[in-house]
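Asks: Just a sequence and a predicted model for now, questions to come.
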Amino acid sequence: MTDNYREGLDFMLPRFPEVNGFDFYRDIFPNNENAGDLHMDYSHPNALYLYRDERDEGTKRRLRRRTMYNDTWEDDYMEFVEGNPMTLCSGLAYRKKANTIRNAQRMNALIFDIDGVGNKELLNLFHRFKEDPKNVKWMPMPTYLVLSGDGVHVYYVFDEPVPLYPNVKPQAKQLKYHLTGGLWDWKLTSQEKRVQYQSINQGFRMVGSINERYGTEVKAFHTGGRVTLDRINQRARPNFRIDLYREPEQTKESKKNYPKKWPGGVNNGEKLYEWWLKKSDEVDTVTGGHRYFYMMILAIYASKCNIPLERLKGDIKIALERLKDVGHTNELTEYDMANALKAYKRDFYNFTIDDIEKLAGIRIERNKRNGRKQEDHLRRCRAVQEVDYPNGTWREGNGRPSAAATVREYRESNPDARKVDCINETGLSKPTVYKWWNGAD
């Protein structure tokens, strides 16, 4: 038992009622089918979960998948989940029998994972749950908080499941990434510095099962009521909210192509793949909590760059051995590698550079100067200024260049640049760049 788990019990038990695993999942997924039902139109999606089976000991099979049927759940929970050293379940309901993001049909709960949470971190978390308008990182009170072993899982159960239309899935992913940063705060709500961003399809240790690493039972506490999508959206900035009626940004045909924002472009092929492959061998590049996602993205790159699957399997095995040396509380295994290889398919073609940065925890430098050196690049910016503002009209007052014009020209020449890039390359002060960034014209 970890100190964090012990402190978590001491904090939660006097304040909130504990909920057993059977009731916990019954509450999150009240509309699962009965075992004998058959709805051919997929109008009744079901929760799916993974569990370890004793019959698989000594084999390559690690986990089995099972549907959470309504009428068999009580017996199934006692047989497959309760006391099991490895069970996983997400907050989504699926059509068909595979828990893939493609088959995800409804989001019953939005779940966040925070590592390294003890008494102090719980106090800070519940301070944020008070929804103090003066606290810019406030969050609604969650429905449940789960002690997972050394950290916590924060569950927001929706009053009505969110339909995962094709245009909603990427929005839900962005919303979760955005809000993760508000919950996971180093030295305040977590003892871990590096934030781990996870997909909406992520499976979490099930309540009532055992965290085999620490030998502790995963426990749930009822902390609040169900939430509405509007309430969750209220916490997020407008461009990160879920809009069920927003048109998808890409057509069905364009999703087959490479996203424009991938580093290196689509014509680099093998070089692009090898560039990412070498990341596993660079000191301090891949950190403990992001090792699995590094391998997953390697598989995505291989698929996008037409690297043969057999070569990928060889490369990822070498990467696995390197990544095992990266320190973390959880062991990296061949099972993780096998799961990462499942990303070798077209389903993941619409991953952007921003997605990769968050999942892998690796900053990817954009080539905003199109290969030009900074001196040449700035000379080009000045030339553009002379075209738009002849005879030095871009200067004002005592002959100093207009800050507004400078920021404007920089942004026009560098559409993907950040504020910090503009500060570093133009020499303008931070307040000046921030002042004119969205109103330079």
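Replies: That came through fine.
Asks: Do a quick rundown of the helices in the stretch 101-250 of the chain.
Replies: Using DSSP state H, counting those that start in this stretch, the helices assigned to the stretch 101-250 of the chain run over residues 119-128, 169-183, 229-235.
Asks: Okay, buried residues for the last one please.
Replies: Spelled out, it's helix 229-235. Neighbour-count burial for helix 229-235, with 16 or more other Cβ atoms under 10 Å as criterion, is recorded at Leu229, Ile232, Arg235. (C-beta placed from N, C-alpha, C; glycine too.)
Asks: again, but for the second one
Replies: Of the residues in helix 169-183, those scored as buried under the neighbour-count criterion (16+ other Cβ under 10 Å) are 169-180, 182-183.
Asks: Pipe those into CSV and attach pLDDT and distance to Leu147 per row.
Replies: Supplementary listing: those in CSV, determined by pLDDT from 0 to 100; distance: Cβ to Cβ, whole Å:
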residue, pLDDT, distance to Leu147
Lys169, 90, 29
Pro170, 87, 31
Gln171, 90, 30
Ala172, 93, 25
Lys173, 90, 26
Gln174, 88, 28
Leu175, 92, 25
Lys176, 93, 21
Tyr177, 90, 24
His178, 89, 25
Leu179, 91, 21
Thr180, 90, 19
Gly182, 81, 21
Leu183, 90, 16
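Asks: which one among those residues gets closest to Met296?
Replies: Relative to Met296, the closest of those is Lys173; by Cβ to Cβ it sits at 14.1 Å.
Asks: Quick check: the closest one touching Gln198?
Replies: No: using Cβ atoms under 8 Å, Lys173 makes no contact with Gln198, being 9.6 Å away.
Asks: next one: phi and psi at Thr426?
Replies: Torsion angles at Thr426 (phi, psi; degrees, to the nearest 10) stand at phi -100, psi -20.
Asks: Tell me which stretches of the stretch 1-150 of the chain form strands.
Replies: Residue ranges of the strands in the stretch 1-150 of the chain, as given by DSSP state E, counting those that start in this stretch, are 18-19, 48-51, 64-67, 87-89, 92-94, 104-114, 144-147.
Asks: looking at these, which is closest to Lys345?
Replies: Put simply, out of the strands of the stretch 1-150 of the chain the one that sits nearest Lys345 is strand 104-114, at 15.7 Å, with distance taken as Cβ to Cβ.
Asks: sorry, back to before: can you lay out the strands of the stretch 1-150 of the chain as CSV showing mean pLDDT and distance to Arg291?
Replies: What follows is the strands of the stretch 1-150 of the chain, written out as CSV (pLDDT from 0 to 100; distance: least, Cβ to Cβ, whole Å):
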stretch, mean pLDDT, distance to Arg291
strand 18-19, 97, 32
strand 48-51, 96, 20
strand 64-67, 94, 24
strand 87-89, 96, 18
strand 92-94, 95, 24
strand 104-114, 95, 15
strand 144-147, 97, 23
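Asks: Out of those, flag the one nearest His222.
Replies: Relative to His222, the nearest member of these by Cβ to Cβ is strand 18-19, separated by 5.2 Å.
Asks: partners of that closest one in the sheet?
Replies: As defined by DSSP bridges, the strand partners of strand 18-19 come to strand 219-222 (antiparallel).
Asks: Only alpha carbons, please: show the partner strand as CSV.
Replies: Output for strand 219-222, consisting of C-alpha atoms alone and laid out as CSV, is shown next (Å, rounded to 0.1, in the frame of the first residue of the first chain):
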residue,chain,number,x,y,z
LYS,A,219,-12.2,2.0,-4.5
ALA,A,220,-14.9,4.5,-5.6
PHE,A,221,-16.5,7.3,-3.7
HIS,A,222,-19.7,9.1,-4.6
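Asks: Return the set of buried residues in that strand.
Replies: So for strand 219-222, counting by 16+ other Cβ under 10 Å, buried means Lys219, Ala220, Phe221, His222.
Asks: what helix or strand does Val407 sit in?
Replies: In this structure, Val407 sits in helix 403-413 according to DSSP states H and E.
Asks: need the strands for the stretch 151-300 of the chain, in chain order.
Replies: Along the stretch 151-300 of the chain, the segments classed as strands by DSSP E, counting those that start in this stretch run 152-163, 204-205, 210-211, 216-217, 219-222.
Asks: Quick one: mean pLDDT over the first one.
Replies: By that I understand strand 152-163. Taken as a whole, strand 152-163 has an average pLDDT of 95.
Asks: Perfect, that will be all.
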